[in-house]
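Novice: 3D, please:
(2 chains)
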Protein chains: 2
Amino acid sequence: MMPQLGLLPRRACAALLSQLLRRAACNHAVGYHSQIVEAVLTSQLKPYQKKPNFIKIPKGTRDLSPKQMVVREKILDMVISCFKRHGGKGLDTPAFELKEMLTEKYNEQSGLMYDLEDQGGELLSLRYDLTVPFARYLAMNKLKKMKRYQVGKVWRRESPSIVQGRYREFYQCDFDIAGQFDPMIPDAECLRIIYEILSGLQLGDFLIKISWKDVRHEMVAEKGLAPEVADRIGDYVQHHGGVSLVEHMLQDPRLSQNKQALEGLGSLKLLSEYLTLFAIMEKISFDLSLVRGLDYYTGVIYEAVLLQTPAQAGEDPLNVGSVAAGGRYDELVAIFDPNGHRVPCVGLSIGIERIFHIVEQRMKTSGKKVRTTETQVFVATPQRNFLRERLKLIAELWDAGIKAEMLYKNNPKLLPQLQYCEKRGIPLVVIIGEEEQKEGVIKLRSVATREEEAIKREHLVTEIQKRLSQS
Amino acid sequence: MMPQLGLLPRRACAALLSQLLRRAACNHAVGYHSQIVEAVLTSQLKPYQKKPNFIKIPKGTRDLSPKQMVVREKILDMVISCFKRHGGKGLDTPAFELKEMLTEKYNEQSGLMYDLEDQGGELLSLRYDLTVPFARYLAMNKLKKMKRYQVGKVWRRESPSIVQGRYREFYQCDFDIAGQFDPMIPDAECLRIIYEILSGLQLGDFLIKISWKDVRHEMVAEKGLAPEVADRIGDYVQHHGGVSLVEHMLQDPRLSQNKQALEGLGSLKLLSEYLTLFAIMEKISFDLSLVRGLDYYTGVIYEAVLLQTPAQAGEDPLNVGSVAAGGRYDELVAIFDPNGHRVPCVGLSIGIERIFHIVEQRMKTSGKKVRTTETQVFVATPQRNFLRERLKLIAELWDAGIKAEMLYKNNPKLLPQLQYCEKRGIPLVVIIGEEEQKEGVIKLRSVATREEEAIKREHLVTEIQKRLSQS
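Specialist: All right, here's what the predicted structure looks like:
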């Protein structure tokens, strides 16, 4: 009975197998093994010989169409603009890292990493997030402080779900502040950034939930504090800034004896003061039941969710989920540094894919038309044999920085040219033909109103620029 | 004697080996094999157990520092701006494709692809360029026409050379026009785009060399035309637009009998007329000795090089090389389409990494300072206990869209705050302290001139915006 082999990754592996098998001395073994060798070699070669019957892209990935690219660009511009508003420096790291750089840091996530094939060199894996590469960058460059943003793709071999908008390749937008600073100031700025981005994207009402890693667990599971008391502590932090939280906590001996819980709650209280000065407390909720999946967090943790309005009730469940998250992780850089030098960090990641999905859905529902090009002027002619005039004219427009197109036809008819403009939302047409040539003018036509005006050739660029600046 | 095993990629492979080996019936085989099993399993586990002694990134890759990111952003903005000026639509494809989608198309390049490890699913490889993914996209979506640009990373397992600026991970900026159109118009536009980008980047003088795939080979090697005659044909195309090229060619019977050469030369003549109308002929050279490495080209091919000036003679050889290239490839999409529907394409790729390298080098030489942040205003205080006022003030600036920073210190001294601004090139400081608070003003200080002005709190944002717009 032949064992299930599947597709073995390397010809060398097959070669090794056959090499080992040929050394086996038994006839029975040889006979059995040669079937295996054949199966191995055949399965190894199959994918390289077959012409694809149909065209596919890898499971869990997608192309972004021009329409999706326009949406993405707008959203990313806005996110990066916010990162820059807060003094972030840009950084880019490679798509793959040495596997050993990544494996230790992720623990249970490492099973979901994409590994590169061992092709005789270093063992590599595609980056799983942007946080571990950042910690590696800090340690490698011996940096003690840095405020950086990074926007890039990451890859995870999770079970994809298009309904849930979960892909294997997706963008992350991260902002992190590394360095030893006075408590809670950078942490508060990270929350302010999440607030600015979510407000600016106008996605509707949202909530940023905040907690302190393990504090609830400490209080409830470890120290036996009643869960309802633990939950109320969160309320006290949020609503009773004036009342000494410590007094409330000291009333419960189990809590006052828990040093970590006290520290966490004290920090959350300080944070809430700063968030009040940042004028964002209305969107904040201290939710001590919050847990985050990644285990390198060491202090404050937060997660932002959109709140579904009645109008959106018909939208898919994707909308009720995390759109941003982050927290403090003080020990990650030290794992990389051979001397164990500690660089405390706090940061955030914008759930940009979920946001794209929501914005795309809403655009579909609203039926609002999205232009996929930014073309401002179309160069047209009603007659035959005006190709050369169109080429000369369009180059003059490009020289002036005007975004212009023309049909790649020697002798196009006028109607298809005008339809081209209407379909793409191009606002202006310049028309050159026999009449115009005789008079030394160009017709400048508004696609929307269909009004035409004869403009002297030497004034054309100025007139176009004037009209474009007015619209 | 133990065979050389190296690091085998998969635990499953090790498991299979041990499974097969255990089935071997011979004692001799078993004894020998168990050593192999042990070696396999040990080497398999080694990399995952060892804590990294030092921190590395993969061979042939690099991080981009904040300074490099600023340079990159400027250059990419300019390139994309040009693509949009010509009506290009944006597109994004996944970092990896099914190996079978890529392998057939690259022939000799396929040995340089990064394969992903076979982890039980599809066989994947990192994309090697942006052209084959584009052809796959067109075929997959059954598109007959598209004018698209794509900016993204690609990966090649070439021998890296930092001196030559050759990395294994690098950006490409592609613009391609797919579709059946009247001859040479889209081809001319691609050359115009290369011209606009290289002129706009102000890299110095450049030349765009153009030829027709295989035409020189056809003329010289196949048909025995004297090489010096072949070279002169290029001159005729370029300089003697008025003289009938066909007459010259017909004078040589070997050339006039070569249908492909005639066709290629006829097309190049038409192209040169269009390039004259596009006013770029001064940068064009018809160089029939030009060859391009990729074998999917089917017609016009071109390559742009920077011309070294005496001033640049001291710069490294990297400067004398290709900074853009492309050509026509009419049969690539048909390879993907099961029905073989043909979509002719022509396109260009900007050698953005080489351009980054040149611009970075020149910036180093010029000693010009590059800001790594865009911060406009710094919020400072000369006294202790003004943290809360600074937090409140900075949030007001962020609300107005002003890019602002402050130190993450409860009680910073004034001098380090001012030094922070000078180091980063932040132009303005707002100072709040006891004096200012008493008078209800904020001090607005110019970092460059050190002049200070007291501004009423309610006028602060307006005054800042006025000063920023004037600078």
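Novice: return the residues in contact with the closest residue to A:Asn385 other than its chain neighbours.
Specialist: Spatial nearest neighbour of A:Asn385, chain neighbours left out: A:Asn411 (6.9 Å); criterion: C-beta to C-beta, 6 or more residues apart in numbering or on different chains. For the C-beta atoms, the positions are set from N, CA and C on the backbone; glycine is no exception. A:Asn411 makes contact with A:384-385, A:387 under the criterion C-beta atoms under 8 Å, 6 or more residues apart in numbering or on different chains.
Novice: what is the nearest of those residues to chain B?
Specialist: A:Leu387 (7.7 Å; C-beta to the nearest C-beta).
Novice: that closest one: neighbouring residues, count only.
Specialist: 21 (other C-beta atoms under 10 Å in any protein chain shown).
Novice: list the single closest residue to it in space, sequence neighbours excluded.
Specialist: Closest to A:Leu387 by C-beta to C-beta, 6+ apart is A:Asn410, at 5.0 Å.
Novice: now do A:Gln376
Specialist: A:Lys403 (4.6 Å).
Novice: burial measure for the one you found, as a count.
Specialist: Counted with other C-beta under 10 Å, A:Lys403 comes out at 20.
Novice: quick one on the thing from earlier: just say helix, strand or coil for the residue nearest to A:Leu387.
Specialist: Taking DSSP: H, G, I helix; E, B strand; the rest coil as the rule, one finds A:Asn410 in the coil state.
Novice: who's in contact with it?
Specialist: Contacts of A:Asn410 (C-beta under 8 Å, 6+ apart): A:387, B:182, B:185.
Novice: follow-up on the earlier one: how about the residue nearest to A:Gln376, phi and psi?
Specialist: phi -80, psi 110 (degrees, to the nearest 10).
Novice: look up how far B:Leu207 lies from it.
Specialist: The gap separating A:Lys403 from B:Leu207 is 27 Å, by C-beta to C-beta, to the nearest Å.
Novice: what sits against whichever residue of the stretch 301-450 of chain A sits closest to chain B?
Specialist: Residue of the stretch 301-450 of chain A nearest chain B, by C-beta to the nearest C-beta: A:Tyr408 (3.6 Å). Residues near A:Tyr408 by C-beta under 8 Å, 6+ apart: B:177, B:179, B:181-182, B:185-186, B:189.
Novice: with A:Leu414 instead?
Specialist: A:380-382.
Novice: out of the residues you listed, which sit inside strands?
Specialist: Counted as lying in strands by DSSP state E, out of these, are A:Ala380.
Novice: out of the contacts of A:Leu414, who's near chain B?
Specialist: With C-beta under 8 Å from any C-beta of the partner chain as the criterion, those include none near chain B.
Novice: would you turn the contacts of A:Leu414 into a markdown table with pLDDT?
Specialist: Formatted as a markdown table, those follow (pLDDT from 0 to 100):
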| residue | pLDDT |
| --- | --- |
| A:Ala380 | 98 |
| A:Thr381 | 98 |
| A:Pro382 | 97 |
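Novice: export the contacts of A:Leu414 to JSON lines and tack on neighbour count?
Specialist: As requested, the contacts of A:Leu414 are exported to JSON lines (neighbours: other C-beta atoms under 10 Å in any protein chain shown):
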{"residue": "A:Ala380", "neighbour count": "26"}
{"residue": "A:Thr381", "neighbour count": "25"}
{"residue": "A:Pro382", "neighbour count": "18"}
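Novice: from the contacts of A:Leu414, which is closest to B:Leu102?
Specialist: A:Ala380 (40.6 Å; C-beta to C-beta).
Novice: tell me how far the closest one lies from B:Asp115.
Specialist: 49 Å.
Novice: where does the stretch 201-350 of chain A dip in pLDDT?
Specialist: Scanning the stretch 201-350 of chain A with the threshold set as pLDDT under 70 gives A:218, A:223, A:234, A:236-250, A:252, A:254-256, A:293-294, A:309-320.
Novice: how about the residues of it that lie near chain B?
Specialist: Checking the stretch 201-350 of chain A against chain B by C-beta under 8 Å from any C-beta, the hits are A:273-274, A:277-279, A:336-338.
Novice: can you give me the strands in the stretch 51-200 of chain A?
Specialist: Ranges of strands in the stretch 51-200 of chain A, per DSSP state E, counting those that start in this stretch, are A:89-90, A:96-98, A:124-126, A:146-155, A:169-178.
Novice: among those, which is nearest chain B?
Specialist: Closest among those, once you apply C-beta to the nearest C-beta, is strand A:89-90, at 3.6 Å.
Novice: can you tell me the closest non-neighbouring residue to A:Arg467?
Specialist: A:Leu428 (6.6 Å).
Novice: for the one you found, give the beta-bridge partners.
Specialist: A:Val377, A:Ser446 (DSSP bridges).
Novice: the closest residue to chain B within the stretch 151-300 of chain A: neighbour count?
Specialist: Ranked by C-beta to the nearest C-beta, the top residue of the stretch 151-300 of chain A for proximity to chain B is A:Phe181, at 3.6 Å. Residues lying near A:Phe181 (other C-beta under 10 Å) number 17.
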